[in-house]
Every structure is written in structure tokens, then in C-alpha cells.
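Peer 1: Give me a 3D structure for the following:
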Amino acid sequence: MTVEERYAIFTSFYKLNAQEKMFILNTTAMTNPERRRKGKNSGNSRKSNSFKYFLSVGNDRIQICKLFYCGTLSISPKPISNAQMKKINPNPHEQ
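Peer 2: Model (predicted):
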């Protein structure tokens with residue numbers, strides 16, 4: 001990915017306004033952790049999920065790391081986890 005392609009993604013992201021959450025949902029995926037520390041399993045681990053990050057360049061959708069994704073969009077990881085958690089549980093106070 002070139003610097004120009006990365007800048008184009010950045011500028012188009014900040015033009016979205018209200019669709020920001022949809023962009024994040026379309027370019028990230030929440031998955032089960034692939035690896036855990038030695039001696040940990042799903043019952044005794046604090047890590048309940050992992051994220052995969054993607055950006056589109058032309059017709060290609062490439063997987064990238066969290067640091068590159070957040071750096072390209074100039075955001076912290078918090079909006080990503082918030083968007084993914086709201087996707088799972090849209091109204092946490094209504095039960």
C-alpha cells in the first residue's frame with residue numbers, strides 16, 4: 001500500500017461523518033482468539049475476542065495490523081471495539 005493510497009483512505013474516512021461506524025464495521029471483524037498464553041483457556045482467560053483489520057486498495061481487500069489500521073484512520077482502538085460491541089448488543093440497557 002502506498003502513502004497516497006493510505007492518505008486517500010484517511011481523507012475518505014473523515015468525509016463520512018455518521019457512516020463512520022459502518023465503515024469500521026465493514027473493515028474490521030471480531031473473532032475468537034487464535035492463540036492464548038500457556039496455561040490459559042477460554043474459561044480462565046480475560047481475552048474474550050480478537051479483531052482482524054482490513055483496508056481496500058483498488059479491488060483488493062488486504063488484511064493489516066491494528067497499528068497500521070488505527071494509524072491510517074488516525075483513531076484509537078476504542079471506536080473499533082465500541083462499534084463491534086454495539087453490533088453484538090445494540091441496546092445493552094434493554095433486557
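
Peer 1: Show me the contact partners of the lowest-mean-pLDDT helix or strand in the chain.
Peer 2: Every helix and strand of the chain was ranked by mean pLDDT, DSSP states H and E. The lowest is helix 78-88, at a mean of 81. With contact meaning Cβ atoms under 8 Å, 6 or more residues apart in numbering, helix 78-88 is reached by 20-21, 24-25, 28, 30, 49, 51, 69-70. In short, each C-beta sits where N, CA and C put it, glycine included.

Peer 1: Show me what counts as buried in it.
Peer 2: 80, 83-84 (16 or more other Cβ atoms under 10 Å).

Peer 1: cool, and stretch 17-34?
Peer 2: Residues of stretch 17-34 classed as buried: 20-21, 24-25, 27-28, 30 (neighbour count, 16+ other Cβ under 10 Å).

Peer 1: so where's this protein uncertain?
Peer 2: 18-19, 35-47, 88-95 (pLDDT under 70).

Peer 1: ok, 90 please
Peer 2: Along the chain, segments meeting pLDDT under 90 span 1-2, 7-26, 29-51, 56-58, 73-75, 77-95.

Peer 1: can you tell me the helix or strand for residue 6?
Peer 2: Assigned by DSSP states H and E, residue 6 belongs to helix 3-14.

Peer 1: contacts for stretch 1-15?
Peer 2: Stretch 1-15 is contacted from outside by 20, 23, 55-57, 62, 64, 72-74, using Cβ under 8 Å, 6+ apart.

Peer 1: Can you tell me how far residue 13 is from residue 33?
Peer 2: For residue 13, the distance to residue 33 equals 27 Å [Cβ to Cβ, to the nearest Å].

Peer 1: circling back: any chance of the buried residues of helix 78-88 in JSON lines, plus distance to residue 1?
Peer 2: Formatted as JSON lines, those follow (distance: Cβ to Cβ, whole Å):
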{"residue": "80", "distance to residue 1": "19"}
{"residue": "83", "distance to residue 1": "22"}
{"residue": "84", "distance to residue 1": "23"}
